[in-house]
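[1] have a look at this fold, sequence not included:
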C-alpha cells in the first residue's frame, strides 16, 4: 500500500473555547493552529503536542478503576502471552479498523492521495492539559475581594463533583457517553461529506473527542482534524476511564461570561459549588445542572445565534434546557417525579467575571501588594501564573469600608467630598499588635497611582512618596528619648543655623507661648505646638543618623533625597548617609519624602508601645491538591513583634501626643483614648502635603492629603491654607469613629505616663526661665484706699516700673494695667501666638494670634529661610 502522510501539528496555547461545533465565538481564547499536510512517508506522522502557556493547575487522572471485563479497560480479557479474545477486545479491534477505514476513505475523497495506511499507532496521545486557574483573594471574613489570573477557573477533582452535574452534561452534549468508545462515526463521515461537497464544516464530536481536540490543541474544523481527533479519543478511552475523562472535560469547558470550568460556572450563575453533595444546602439541583450543561453548546452570542446563556437568550436557553432534562429522564439519571416537577431555575444577573476583575473598586489597589508579598514568601511569578492559590488577606471589611468612606472624594460623608479633583487622600489602618493592614485606601482607581504605597502595578517597585512634615517628629522624639532627653528640656528658638539662616516655624511665634521668651521653650510645648527649632537642634546634637535609624527601626524602609534618589535605609547606614550627603538636619521635621504605607508602619510601632511588626496584607496562602482536593498551606504571615523602643519612653511620648488630640478637638467616639501628630509641608505659597497620624490601642491610623498626580496648593473650603490639623484630622477622626462603631469596640487606654529623661540634658541649648520673686508691697490696703497694696486692685494706673512690665501682665492682677497694656512683649495673657498653628482651618482653633493681653507679640528680625518648609502645624 502506498504511504499516507499526516503533517506536523503546529501548536499554540491551550484551547479554552467552546466544546461544541460551530464557528468561533467571542470570549474564547486562541488555541494556535493545527495543520495537516499532504506529504510524508510511512510512519512519519509527527506527534501532536499540547502546550500550556498560562496559569495552570494539573488535573492528573488516577489509575484506571475499570475491571477486567469493563469496556475501555486496558488489559481486560487478555491471556498471558496470547491475544485478547474477549468480546470487548473484539469490539475494540472492530472500532479501530473502522476508524482506519474512515481515515483512508476521507483522505482519498478530500485529498486525492493514492493510498493510505493504518496510522492508528502513529498518532501520539497527548498528556492531559493542566488547566489555567485563577487565584482567589479573600478578606478576613472569607468574602472574595478579587480573582487574579488569565482565566476564572477553579479546578476540582472529579471524585468530588456531584454526579447530577456529570449526568446533566452528558445528557446535553453526548447522552451515549457512557456507552461508546469515544468516537462518533457519523460525525466523521458527515464532516468528510460536507467538506468534500463544499458544505459547511461541522464537528458533532463526543465528549471524549471534544477533550481530545483540546488536549491536542486542534483548532481547525476539517476532516483532517476529525481523523486525528478520533484517533486520540480512541486512545484516551483505552487509557482513562469515563469518570476521569468527564472530570478533565468539566474542568476545561467554557461556559460564558469569562467562566472556565464547571465550578466557576456554578458559582457565577447560581452562587453554588459543584462539590457539595446532593441533598445538602447549597448543592446544585438537577434543574440547575441542566442549565449549566445547556450553555456548553454555545456560551456566547454570535452574528447568527445568540447562544444559550439564559441571561442573554432566555428563550433558546430554556428550549435547550428542556432537551437536556428530557435526555436525563430518558437515560434514567432523574426520576419521572423529578422531571414532572421541573421549573426553570432563577439565574443570577451578573456581569463578566473575568479573573482580573475587582469591579473597579478601590480595594483592587491592594492586589499589587498581595502579589509583592507572595514573591517575598517565595511564591514565584511562575507559581502565581500557574494559579489555584487561595490567598486570605488581612483586610477587615468593616475597616476597609471605613477607610474608603473617610478618604474617597466619591463618598458623600468624606471630608474630601466637594474638594477639587486635583486633591487626593490616602487612609491606612494597621493593627499595632500584629502589623496586619486592616484597611487601605490608596485611591479610587485600582489600576492607577497607588497613593498609599506608591507601588507600580507592573514592576511592583516603589516609585514615589511624600514629605511627612511634622509627623516625622515622632521618630526624632523616639531617638531623643533614647538619648535620655526629657520633655522638660528647654530649647533656644533664636539660634540660627551655622549658615546664618533662621529655622522656620511657618509664621508661628514660639515666644508668645514659651513664657514670653523664645529661649525658654520646653520640648513638650514645642511638640504640641509643632515648632521646628528644637527638632533641628536635637538632630544636630545627637546626630541626624540616630533620627534616621529610629525611623528605620520603626518601619520606614525608604526615603528620598532632595534630588529624587530612593535610599533603602535597611541596606545603608550612617557611613553611606554622611558620605553621600543624602540627608541634613531637616530630616528631623520631615523634609524628605517617604512612602505613606511605610510611615504608617512606623506610626503603628509608636502606637504599639515601641514594638515593631512588619506591615503586611497576607494572612495565609493555600493551594488545592488536584489529586485529593484538599487545601495545602503554602505560606503564612509572621506576626512576631520586635521591641525597638523602650516601653516607658513610649508611654511618655504617647502622653504628649494625647494632648494634640485634645488641642485639635479630635476626641474619639465613646471617650476612646487617641494619640496623634499633625504635619504639613509647604508648596509654593501654601501647603503641598498634609498629614494626621496616630491612632488608638486597637488601630493605628495614618492619613495623607495632597495633590493627585501633581502637587497643588491645598486650600480648605473657606479658601484658607490646608494644614494637617484641618481636613486630614477630620478624615482621621471619621475613620476611627466609624471603626469603633462598626466593630463595637470597647474603650482601651494607653499605658500610664512614665516621665523619662534628664531635664538638664547637655544636648539641650535653651535656658531656664527666670524665677519670679514675690514683691514686698510694704503693707496692706486699709479701707480700700489706704496702703501700698491698694493700687493692685485698680489696674496700676500709669505705672511703668516693675508693676507695668510684661512679666506682671500690665501691672496689677486685673490684667488691664490702666493705660499701660504691658511692657516688653505685649503683656496680658498673650495666649494667641502660633498664627496658623494647629487649627482646623489654619490656626483659629488653637492660637490664632489674637493677643488677648494687648500689645504686640515679640517680633524677630526677618531671616532668609529654606523652601519648601514644614508648615509647623
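    Perfect, thanks for sending it. Values in this document were obtained by computation on a predicted structure and should not be read as measured data.
[2] which SS class is residue 171?
    Here residue 171 is recorded as helix under DSSP: H, G, I helix; E, B strand; the rest coil.
[3] wait, isn't it in contact with residue 328?
    Yes. Taking C-beta atoms under 8 Å as the definition, residue 171 is a contact partner of residue 328 at 4.4 Å. All C-beta spots, glycine's among them, are computed from the backbone N, C-alpha and C.
[4] anything in contact with each of these two?
    The contact sets of residue 171 and residue 328 overlap at residue 290 (C-beta atoms under 8 Å, 6 or more residues apart in numbering).
[5] give me the low-pLDDT residue ranges for the stretch 201-350 of the chain?
    Along the stretch 201-350 of the chain, the parts satisfying pLDDT under 70 run over 201-204, 218-225, 350.
[6] quick check: closest non-adjacent residue to residue 643.
    Distances taken as C-beta to C-beta, 6 or more residues apart in numbering place residue 611 nearest to residue 643, at 5.1 Å, with adjacent residues excluded.
[7] pLDDT score for that neighbour?
    Note on residue 611: pLDDT of 98.
[8] for residue 387, same thing?
    Reported pLDDT for residue 387: 81.
[9] that one: neighbour count?
    28 (other C-beta atoms under 10 Å).
[10] now it: how far from residue 257?
    18 Å (C-beta to C-beta, to the nearest Å).
[11] ok, now residue 448?
    For residue 448, the distance to residue 257 equals 26 Å [C-beta to C-beta].
[12] more neighbours, those two?
    Ranked by neighbour count (other C-beta under 10 Å), residue 448 and residue 257 place residue 257 first, with 22 against 14.
[13] where does the more buried one land in three-state SS?
    Criterion first, three-state DSSP; result for residue 257: coil.
[14] surely it and residue 312 touch.
    No. Residue 257 is beyond contact range of residue 312, at 9.1 Å (criterion: C-beta under 8 Å).
[15] OK, contacts around the residue nearest to residue 643?
    By C-beta under 8 Å, 6+ apart, the contact set of residue 611 is 432, 605, 641-644.
[16] look up how far residue 527 lies from it.
    Counting by C-beta to C-beta - residue 611 and residue 527 are separated by 22 Å.
[17] which residues of the stretch 301-450 of the chain fall in strands?
    Along the stretch 301-450 of the chain, counting by DSSP state E, counting those that start in this stretch, strands occupy 389-393, 423-430, 437-441.
[18] how close does residue 374 sit to residue 619?
    Between residue 374 and residue 619 the distance is 13 Å, computed by C-beta to C-beta.
[19] what's the burial count for residue 765?
    When neighbours are counted by other C-beta under 10 Å, residue 765 registers 19.
[20] got a list of what it touches?
    For residue 765, the contacting residues are 491-492, 495, 537, 541, by C-beta under 8 Å, 6+ apart.
[21] using the three-state scheme, assign it.
    Counting by three-state DSSP, the backbone at residue 765 sits in coil.
[22] now it. Its backbone dihedrals?
    phi -120, psi 10 (degrees, to the nearest 10).
[23] what of residue 762?
    Per-residue torsions, residue 762: phi -70, psi -10 (degrees, to the nearest 10).
[24] and the pLDDT at it?
    On pLDDT, residue 762 comes in at 96.
[25] got the angle between the lengthiest strand in the chain and strand 423-430?
    Using DSSP state E, we find that the single longest strand of the chain is strand 686-696. Relative orientation of strand 686-696 versus strand 423-430 (axes from the mean of the first three to the mean of the last three C-alpha atoms, to 10 degrees): 20 degrees.
[26] so the helix or strand just after strand 686-696 versus strand 437-441, what angle?
    Per DSSP states H and E, the first helix or strand lying C-terminal to strand 686-696 is strand 699-707. Computed by the same axes, to 10 degrees, the angle separating strand 699-707 from strand 437-441 equals 20 degrees.
[27] which elements pack onto strand 699-707?
    With contacts defined as 3 or more C-beta pairs under 8 Å, 6 or more residues apart in numbering; DSSP states H and E, the packing partners of strand 699-707 are helix 397-407, strand 423-430, helix 596-607, strand 686-696, helix 727-742.
[28] quick one: closest of these to residue 482.
    Proximity to residue 482 (C-beta to C-beta) singles out helix 596-607 among those, at 13.0 Å.
[29] quick one: the closest one to strand 699-707, angle?
    Using the same axes, to 10 degrees, the inter-axis angle of helix 596-607 relative to strand 699-707 is 140 degrees.
[30] buried residues in helix 596-607?
    For helix 596-607, burial by neighbour count (16 or more other C-beta atoms under 10 Å) applies to 596-607.
[31] between those residues, which is nearest residue 436?
    residue 604 (9.7 Å).
[32] residues near the nearest residue to the closest one once chain neighbours are set aside, how many?
    The shortest distance from residue 604 to any non-neighbouring residue, by C-beta to C-beta, 6+ apart, is to residue 700 (3.7 Å). Around residue 700 there are 29 other residues, counting by other C-beta under 10 Å.
[33] so residue 700 bridges to which residues?
    Judged by DSSP bridges, the bridge partners of residue 700 are residue 430, residue 695.
[34] so it touches residue 609, yeah?
    No. At 11.4 Å, residue 700 does not count as touching residue 609 under the criterion of C-beta under 8 Å.
[35] which stretches of the stretch 751-873 of the chain have low pLDDT?
    Using pLDDT under 70, the stretch 751-873 of the chain drops low at 770-873.
[36] which one's more surrounded, residue 374 and residue 619?
    For residue 374 versus residue 619, the count of surrounding residues by other C-beta under 10 Å is larger for residue 374: 23 against 19.
[37] what's the pLDDT at the more buried one?
    Note on residue 374: pLDDT of 94.
[38] residue contacts, it?
    Contacts for residue 374 (C-beta under 8 Å, 6+ apart) come out as 384, 389, 391, 618, 621, 635.
[39] which one of those residues is nearest residue 670?
    Looking across these and measuring by C-beta to C-beta, the closest to residue 670 is residue 618, at 31.8 Å.
[40] quickly note the distance from the closest one to residue 638.
    For residue 618, the distance to residue 638 (C-beta to C-beta) stands at 10 Å.
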